[in-house]
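In: Just a sequence and a predicted model for now, questions to come.
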Amino acid sequence: MNVLKHVPVTLALLIWAGAASAHTGNVAGAGFITGFLHPVFGWDHVAAMVAVGLWGAFLGRPAIWVLPVAFPLVMAVGGAMGVAGVPLPGIETGIAASALVIGLAVALAIRPPIWVAAVVVAVFAVFHGHAHGAEMPEAANPLAFAAGFVIATGLLHLAGIAFGLLASHPAGRIAVRSLGGIIALGGVGFLTGAL
Amino acid sequence: MKRLALILIALPAPVSAHAAFGDLGPFYQGFLHPAADPAQGLLVAAGAIALARQPISTVRKAFPALVGAAFFTLLIGNWFAPPQPGVTVVALSALFISLWAIVPLRTPVMIVSGLAILLGALAAVPLLGSDRAGRELVLMLFGGTLGIAIFTLFLWGAAEWADRRIVKVASAVVAAWIAAISLMTATLPS
């Protein structure tokens, strides 16, 4: 009973206590998380990345792995341009257009030759890379920031591929093409500024 | 007494017991350097993925070459100070190795072993120049060599497993990610 008397006071003091900052983390952690969240919290990036994975899965081999390999490599070129401060006009338009074009390709079940698909994806990858790369030098740890956004981009591709694998079933094919249509509509929204 | 305890609870100072990377001692400093230095981690990861893309018979020769190169670099390099590779050099090396890993080329064992030797040496060089001697030198030597060997082996194993169990090109996709990170890192202003 005597102990219980002090419980409210102790609880109140614990609540008022300042936050302990033993593990402040290092700059590498902060850079990685920031980089990781950069594409994840940008709906235009998410839509385009998932669309790349969807299209790769929809086209089947070898596109299913050529596109997710080609995209980060070319994105890095755009990223390097952003880091170096090389200007690229129409970045936001290019990113929005990527969701529209690749989403439409999935929705309309367009099956171009693999090199055409790779070029389309690569062109848009430059815009995405530039958007990420331009912010890279400002990050606490640029290398960790780069690792974060490259891995997040890759995981979004994998998410698209995983969903795109449903296309092997008739009902799944409708679902995949519908998602492509939704992404294309999202692209229109990004282009017009409605989203 | 209770009042004093309550006052002490009410006035907590920020705890700073655990510095992110304090002086871990020569063994753990050497052992953890591929994880503590992101550029070094990138290089070791690129090397491990590249090895995973080669046949196991090649890896059996190249992996000991890599570990041996790291050991002898630490041993010999302690007596003279070789130039430290900058982040750009390390990133470009990781870029070259990861691009090589993406392309499914069956490279001759001699070339793979040669690249493994260069990789082992490059991964070990940042540990040099710390003026260690005696027991500290021995601990750093074994810690550094073991760290490079274990990190490479772990990542190689993970890539091998992913290639066999998930999809055959999983390691090529990861190599593309490493190449992308390396390229952007190489362009960063020093």
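Out: Structure received. Just so it is clear, the model here is predicted, and its values are computed rather than measured. Residues are numbered from 1 along each chain as shown, chains lettered A, B, ... in the order given.

In: Name the residues that touch stretch A:150-165?
Out: A:35-40, A:45-46, A:49-58, A:64, A:67-68, A:71-72, A:75-76, A:106, A:128, A:172, A:175-176, A:179, B:173, B:176-177, B:180-181 (Cβ atoms under 8 Å, 6 or more residues apart in numbering or on different chains). Where C-beta positions appear, they are placed from N, C-alpha and C, glycine not excepted.

In: same check, this time on stretch B:54-73
Out: B:47, B:51-52, B:106-107, B:109, B:112-113, B:115-121, B:123-125, B:128, B:141, B:144-145, B:148-149, B:152-153, B:156.

In: Low-confidence stretches in the chain?
Out: Using chain A here. Within chain A, the stretches with pLDDT under 70 are A:1-30, A:194.

In: Can you look at chain B instead?
Out: Short version for chain B, where the test is pLDDT under 70: B:1-2, B:4, B:6-23, B:129-132, B:190.

In: So for it, the centremost residue is which one?
Out: residue B:34 (3.1 Å; Cα atoms, centre = their mean).

In: How much space separates it from residue B:166?
Out: 24 Å (Cβ to Cβ, to the nearest Å).

In: that older thread, write a PyMOL command that selects only the buried members of the contacts of stretch A:150-165.
Out: The following PyMOL line selects those of those that are buried, judged by 16 or more other Cβ atoms under 10 Å in any protein chain shown:
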select buried, (chain A and resi 35+36+38+39+40+45+46+49+50+51+52+53+54+55+56+57+58+64+67+68+71+72+75+76+106+128+176+179) or (chain B and resi 173+176+177+180+181)
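
In: Go through the contacts of stretch A:150-165 and flag which are in helices.
Out: A:35-40, A:45-46, A:49-58, A:64, A:67-68, A:71-72, A:75-76, A:106, A:128, A:172, A:175-176, A:179, B:173, B:176-177, B:180-181 (DSSP state H).

In: what's the nearest residue to residue A:104 if we skip its chain neighbours?
Out: Of all residues not flanking residue A:104 in the chain, residue A:184 sits nearest, at 4.5 Å (Cβ to Cβ, 6 or more residues apart in numbering or on different chains).

In: Please, which helix or strand holds that neighbour?
Out: Here residue A:184 is covered by helix A:170-192, with elements defined by DSSP states H and E.

In: That helix - contacts with which helices or strands?
Out: Contact partners of helix A:170-192 among helices and strands, from 3 or more Cβ pairs under 8 Å, 6 or more residues apart in numbering or on different chains; DSSP states H and E: helix A:43-59, helix A:91-107, helix A:142-164.

In: can you give me the angle that helix makes with helix A:43-59?
Out: Angle of helix A:170-192 versus helix A:43-59, following axes from the mean of the first three to the mean of the last three Cα atoms, to 10 degrees, is 150 degrees.

In: got the contact list for the residue nearest in space to the middle of chain A?
Out: Ranked by distance to the mean C-alpha position of chain A (Cα atoms, centre = their mean), the top residue is residue A:39 at 3.6 Å. Residue A:39 is in contact with A:45, A:46, A:49, A:128, A:132, A:149, A:152, A:153, A:156, counting by Cβ under 8 Å, 6+ apart.

In: next one: residue A:103
Out: A:47, A:51, A:180, A:181, A:182, A:183, A:184, A:185, A:186, A:187.

In: Buried members of these into PyMOL, please.
Out: To isolate the buried members of these in PyMOL, using 16+ other Cβ under 10 Å:
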select buried, chain A and resi 47+51+180+183+184+185+186+187
